[in-house]
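*Asks:* the following block contains a protein sequence and its predicted model.
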Amino acid sequence: MLSACATPQAAVSQPAAASTGMVAAANPMAVEAGLKILRAGGTAVDAAVAVQAALGLVEPQSSGLGGGAFLTYYDAKTKKVTAYNGRETAPMAATPELFYGADGKPLNKGAAILSGRSTGVPGAVAMLSLAQYQHGKLAWKDLFGEAEQLADRGFPAPGRMAAAASSRAGQAATRDAVAYFTKADGTKIQPGDIVRNPAYAATVRKIAAEGPKALLEGPIAEAIVAKVREGDMPGSLTLADLKAYRPKAEAGLCRPYRAYIVCVPGAPSGGPAVLLGLGILENTAIGNHPNDVEGWYLFSQASRLMYADRDRYIGDPDFIDVPVKGLLDPAYVAARAKLIGPNADPAPPAPGNPKGAGPRAPDRTQEPGGTTHFSIVDRWGNVVSMTTTVESIFGSGRMVGGFFLNNQLTDFSFTPRERDGAPAANAVGPGKRPRSSMAPAIVLDRNYRFVAAVGSPGGPSILAYNLKALVGVLDWKMTMQDAIALPNLISGGTFYAAETTKFSPELTAGLEARGVKMSSGFGAEGSGLHGIEVTPQGLRGAADPRREGVAKAP
């Protein structure tokens, strides 16, 4: 249910939504899988199951059955928002020094990703099962047909998958990945080549028949445990860890933003940080500066403050005190906004001291990108906004049952404490969920009616990507498609990473004069924003032109 929102004000004008629904996702084959479920009378959550099953096959570099996810759900009948947490968990044998080498120093990030230590208990399928049990209409067993058929009969290799398979990423060079992506003539797959994955078809048939138990118990679970124990740095994942996994469902974290209400998952997701960024911007005049120097300057400085607080304080609330209320307290947020001066301070902003915050070490998390997002609305007006991941490209590069295992545990801080003993909020712990930047958002008006849904992949850049799209739609009054297409700017510490060629020379010069010198060489995963909004003509979907996605109605 909605939480901590201001007293409802006059409703934002909202037309009736189209009756047919909409799916916006990163691959047309996955979109079609979701549309088939909507046409059959399924709900947004029913369709989400089908979309995830298809994406795990046609976009394995980004998400899959072996990964985790956050899902934000809006129930049109009750007008309540629920956040589902399918984040992976660390094995019970994990220690804060999980990613230390024999020399007592943190491991090289690449080596850690490829090791068996990087894999946590996969949670996406279990989370979807819980959400579908609560909000689905169709039988669970009938939601995997499209993914099964694509895997059995074959599908044309998407360009992004083929490019990832031929990339220099260490995961693309693993024995499992090479075997999967190499053709009979010894060459790597090319875009359009037909790819078959009978093992994946068998896995989804088993999941359709048995639910998440198919992954977390029995032969597939045994294969997962065996796979993570291979190599020089084996993982400690056990069958007991897998069997004990439980997804979480709780009220969405919702806060008012101007005439709207924005809802996201709570910690350890990136949701609280996005709300903090919006809260800071609400104390500025960014709405009066659409896509101009002042508008982007305010965006960049609010982003720096958002990242400073997120990096210091956000972790798994089941293990540490996460000061979400303090971070989002209007007085605290207003005080943070006052730190934005006329020109950018060359020094990185320090984290604030919100109520409820204990001593925390500076964060050392190195968060790569291998993620995807999709948004769905069904004929009843129910909404899914879901961000899902295997962490890096092809996760750990290890395969079981036709799918890649995640390397999600490398989302923990490699340095668990400072020299003075202060703990990192995102240190490794047994059974703990690593911090995430994923922040699938749903926007409502003050009468709790659906306005928009949006989210993105991008590793730590997700926070900036989502914030940009929300500012574009809610402050700059752009269409969702135009907001998504805006250039990306990620500001944190002392850097300003951006799609520099997409900013006009005038904008670039104006920002540089204010101390915002943008660099294009930041190496972040590009955005993959996918959203849906309500317009006077009904639902309108939007897909990030930087990826292969589409938005379509049934």
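*Replies:* That came through fine.
*Asks:* nearest residue to the middle of this structure?
*Replies:* In the chain, the centroid-proximal residue (CA atoms, centre = their mean) is Met438; its distance is 3.0 Å.
*Asks:* now the phi/psi pair for Gln132, please.
*Replies:* When read as degrees, to the nearest 10, the backbone of Gln132 gives phi -70, psi -30.
*Asks:* make 2 the starting number, not 1.
*Replies:* Understood, numbering begins at 2; the last thing we discussed is Gln133.
*Asks:* neighbours around it, how many?
*Replies:* 22 (other CB atoms under 10 Å). Where C-beta positions appear, they are placed from N, C-alpha and C, glycine not excepted.
*Asks:* try the one 4 residues further on
*Replies:* Other residues within reach of Gly137 by the criterion other CB under 10 Å amount to 21.
*Asks:* look at the nearest residue to it once chain neighbours are set aside and give its secondary structure.
*Replies:* Excluding the flanking residues, the one nearest Gly137 by CB to CB, 6 or more residues apart in numbering is Asp47, at 4.7 Å. Three-state call for Asp47 (DSSP: H, G, I helix; E, B strand; the rest coil): helix.
*Asks:* so who does Asp47 touch?
*Replies:* The contact partners of Asp47, taken as CB atoms under 8 Å, 6 or more residues apart in numbering, are Ile38, Leu39, Gln133, Gly137, Lys138, Leu139, Leu144.
*Asks:* and Glu211, what are its phi and psi?
*Replies:* Torsion angles, degrees, to the nearest 10, at Glu211: phi -120, psi -10.
*Asks:* burial count for it?
*Replies:* Based on other CB under 10 Å, the number of other residues close to Glu211 is 16.
*Asks:* what about Ala94, how many residues nearby?
*Replies:* Number of residues near Ala94 (other CB under 10 Å) recorded here: 12.
*Asks:* Gly357 now?
*Replies:* Residue crowding around Gly357 was assessed by other CB under 10 Å; the count is 13.
*Asks:* low-confidence ranges, the chain, go.
*Replies:* 2-20, 359-370, 419-422, 522-525 (pLDDT under 70).
*Asks:* off-centre distance for the lengthiest helix in it?
*Replies:* Longest helix in the chain, counting residues (DSSP state H): helix 294-314. Helix 294-314 has its average C-alpha position 19 Å from the chain's average C-alpha position, going by CA atoms, centre = their mean, to the nearest Å.
*Asks:* then stretch 405-416?
*Replies:* Stretch 405-416 has its C-alpha centroid displaced from the chain centroid by 14 Å (CA atoms, centre = their mean).
*Asks:* how about stretch 442-454?
*Replies:* The chain centre lies 19 Å from the centre of stretch 442-454; the measure is CA atoms, centre = their mean.
*Asks:* can you give me the buried ones in that stretch?
*Replies:* For stretch 442-454, the neighbour count (16 or more other CB atoms under 10 Å) marks Ala442, Ile443, Val444, Leu445, Asp446, Arg447, Tyr449, Arg450, Phe451, Val452, Ala453, Ala454 as buried.
*Asks:* Gly542 and Val535, how far apart?
*Replies:* Using CB to CB, to the nearest Å, Gly542 is found at 11 Å from Val535.
*Asks:* mind listing the helices for the stretch 52-201 of the chain?
*Replies:* Counting by DSSP state H, counting those that start in this stretch, the segments of the stretch 52-201 of the chain that form helices are 110-115, 125-136, 146-154, 160-166, 176-182, 199-211.
*Asks:* any idea which of the ones you listed is most buried?
*Replies:* Counting by mean count of other CB atoms under 10 Å, helix 125-136 has the highest mean neighbour count of the helices of the stretch 52-201 of the chain, with a mean of 23.
*Asks:* which other residues reach that helix?
*Replies:* So helix 125-136 is contacted by 44-47, 49-50, 53, 64-66, 68-70, 72, 74, 76, 83, 85-87, 141, 144, 208, 212-213, 216-217, 246-248, 250, 383, 389 (CB under 8 Å, 6+ apart).
*Asks:* and the angle for that helix with helix 199-211?
*Replies:* Using axes from the mean of the first three to the mean of the last three CA atoms, to 10 degrees, the direction of helix 125-136 lies 30 degrees away from that of helix 199-211.
*Asks:* determine how far helix 125-136 lies from the middle of the whole chain.
*Replies:* Worked out by CA atoms, centre = their mean, helix 125-136 lies 17 Å from the chain centre.
*Asks:* again, but for stretch 188-199
*Replies:* Taking CA atoms, centre = their mean, one finds the center of stretch 188-199 at 27 Å from the center of the full chain.
*Asks:* with stretch 49-69 instead?
*Replies:* Relative to the centre of its chain, stretch 49-69 is centred 13 Å away, using CA atoms, centre = their mean.
*Asks:* now do stretch 71-91
*Replies:* With CA atoms, centre = their mean, you get 13 Å for stretch 71-91.
*Asks:* in it, what's buried?
*Replies:* Neighbour-count burial for stretch 71-91 flags 71-77, 81-91 (criterion: 16+ other CB under 10 Å).
*Asks:* ditto for stretch 334-353
*Replies:* So for stretch 334-353, counting by 16+ other CB under 10 Å, buried means Val334, Arg337, Ala338, Leu340, Ile341, Ala345, Pro350, Pro352, Gly353.
*Asks:* touching, Asp483 and Gly473? I think so.
*Replies:* Yes - in terms of CB atoms under 8 Å, Asp483 counts as a neighbour of Gly473; the distance is 6.8 Å.
*Asks:* neighbour count winner among those two?
*Replies:* Gly473 (25 against 14).
*Asks:* need the nearest residue in space to that one, chain neighbours excluded.
*Replies:* Nearest residue to Gly473, sequence neighbours excluded (CB to CB, 6+ apart): Ala484, at 2.7 Å.
*Asks:* cool, Arg311 as well?
*Replies:* Nearest residue to Arg311 in three dimensions, chain neighbours excluded: Ala274, at 3.8 Å (CB to CB, 6+ apart).
*Asks:* pretty sure that neighbour belongs to a helix, no?
*Replies:* Yes - counting by three-state DSSP, Ala274 is found in a helix.
*Asks:* hmm, back to that, select, from the buried residues of stretch 334-353, the two members most distant in space.
*Replies:* Val334 and Ala345 (19.6 Å; CB to CB).
*Asks:* circling back: which ones among the buried residues of stretch 334-353 map onto helices?
*Replies:* Under the assignment DSSP H, the buried residues of stretch 334-353 contribute Val334, Arg337, Ala338 to helices.
*Asks:* let me know the closest of these to Phe100.
*Replies:* Arg337 (31.8 Å).
*Asks:* report the separation between that closest one and Arg313.
*Replies:* Using CB to CB, Arg337 is found at 13 Å from Arg313.
*Asks:* try Ala286
*Replies:* Distance from Ala286 to Arg313, by CB to CB: 28 Å.
*Asks:* what about the two, which has more around it?
*Replies:* Per other CB under 10 Å, whichever of Ala286 and Arg313 has more neighbours is Arg313, with 23 against 11.
*Asks:* I'd guessed the more buried one sits against Ala426; true?
*Replies:* Yes - at 6.9 Å, Arg313 and Ala426 qualify as touching, with contact defined as CB under 8 Å.
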